[in-house]
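# Sequence first, predicted coordinates after that:
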Amino acid sequence: MTPKGQLYASIAGTVAVAVCCFTPILVVALAAIGLAALTPYLDLVLLPALAILIVVTGLSYRRYVRTTRGTTM
């Protein structure tokens, strides 16, 4: 995968997790499929996932900038 593709994928993942974290979309979806009992545990999974994806996005951006400029940071 190219650095540009990695950057886009990491941004998409970060946005998806952020949407699930800060809006009730995931809670409604879990309730619709009968898994509403799992909603208290969402913060245990989503907040670390968001932190990890923010770091991955930063690293992907750094790699993208290094390859487009041709210099090392």
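Yep, it's here.
# max-length helix in this protein?
Criterion DSSP state H: the longest helix present in the chain is helix 42-69.
# That one - contacts with which helices or strands?
With contacts defined as 3 or more Cβ pairs under 8 Å, 6 or more residues apart in numbering; DSSP states H and E, helix 42-69 has these neighbours: helix 3-22, helix 25-32. From N, CA and C alone the C-beta is placed, and that goes for glycine too.
# Average pLDDT for that helix, rounded please.
Summarised as a single mean, pLDDT over helix 42-69 is 91.
# Report the angle between it and helix 3-22.
Relative orientation of helix 42-69 versus helix 3-22 (axes from the mean of the first three to the mean of the last three Cα atoms, to 10 degrees): 160 degrees.
# Helix 42-69 to helix 25-32, inter-axis angle?
Going by the same axes, to 10 degrees, helix 42-69 makes 130 degrees with helix 25-32.
# Was I right to think L7 contacts L59?
No: taking Cβ atoms under 8 Å as the definition, L7 is not a contact partner of L59, at 9.6 Å.
# who has more neighbours, those two?
L7 (20 against 13; other Cβ atoms under 10 Å).
# Please report how far the more buried one lies from L53.
Separation of L7 from L53 (Cβ to Cβ, to the nearest Å): 12 Å.
# now L38
According to Cβ to Cβ, L38 stands 20 Å off from L53.
# When those two are compared, which one has more neighbours?
L53 (20 against 12).
# Cheers, nothing more for now.
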